[in-house]
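Peer 1: Predicted model, plus sequence, below.
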Amino acid sequence: MTPSDTELYRAHAAELIRYATVLVGPDEAPDVVTDAVIGAFTSARWRHVEQHRAYLFRTVLNAATARHRSQSRRERRERVVAARSVPMAESSPETRLDVHEALSRLSPQQRAVIYLAYWEDRTPADIADVLDIGEGSARKQLARARARLREVIDHV
């Protein structure tokens, strides 16, 4: 017997919100999960999905990526407007490591693999399974994320 959408949501909501928290932060995570789950449940493809959990994780990642792109475009527009209207003040480099800031410099895909590898203690094969990507892609994203984090840490 196939579980209902309500049962699937109840079974996976908490872990999806934890996952989204790493991708977009704690303030936006519930909204991203809600948007992703509603999108998944109303999709014509949903009836044919066999791996509901993996599909939901992938949908949350896609929603986080879309939100990240939207925010990046907005921030870029705001910087352009601010640069035109107010002269930039000299700023000193930050001397402490802010983990959230460091993670925010990664792509949503890279944040996803870092979260699954370090917070969920998953192997690249498990990560690939959860994100519905190839194991090679999971390893590649994990390596890129680690390299980017090293760059961020070296500049602190």
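Peer 2: Here it is on my side, so go on.
Peer 1: which outside residues touch whichever strand or helix holds Glu15?
Peer 2: Glu15 belongs to helix 5-24 when assigned by DSSP states H and E. The contact list for helix 5-24 (C-beta atoms under 8 Å, 6 or more residues apart in numbering) reads 3, 28-30, 32-33, 36-37, 41, 52-53, 56-57, 60-61, 63-64, 67-68, 103, 108, 111-112, 114-116, 119. From N, CA and C alone the C-beta is placed, and that goes for glycine too.
Peer 1: buried subset of those?
Peer 2: Buried members of those, scored by 16 or more other C-beta atoms under 10 Å, are 28-29, 32-33, 36-37, 52, 56-57, 60-61, 63-64, 67-68, 103, 108, 111-112, 114-116.
Peer 1: where do the strands sit along the chain?
Peer 2: Using DSSP state E, the chain contains no strands.
Peer 1: now the helices for it?
Peer 2: Assigned by DSSP state H, the helices in the chain fall at 5-24, 29-42, 52-85, 99-104, 108-114, 124-131, 135-154.
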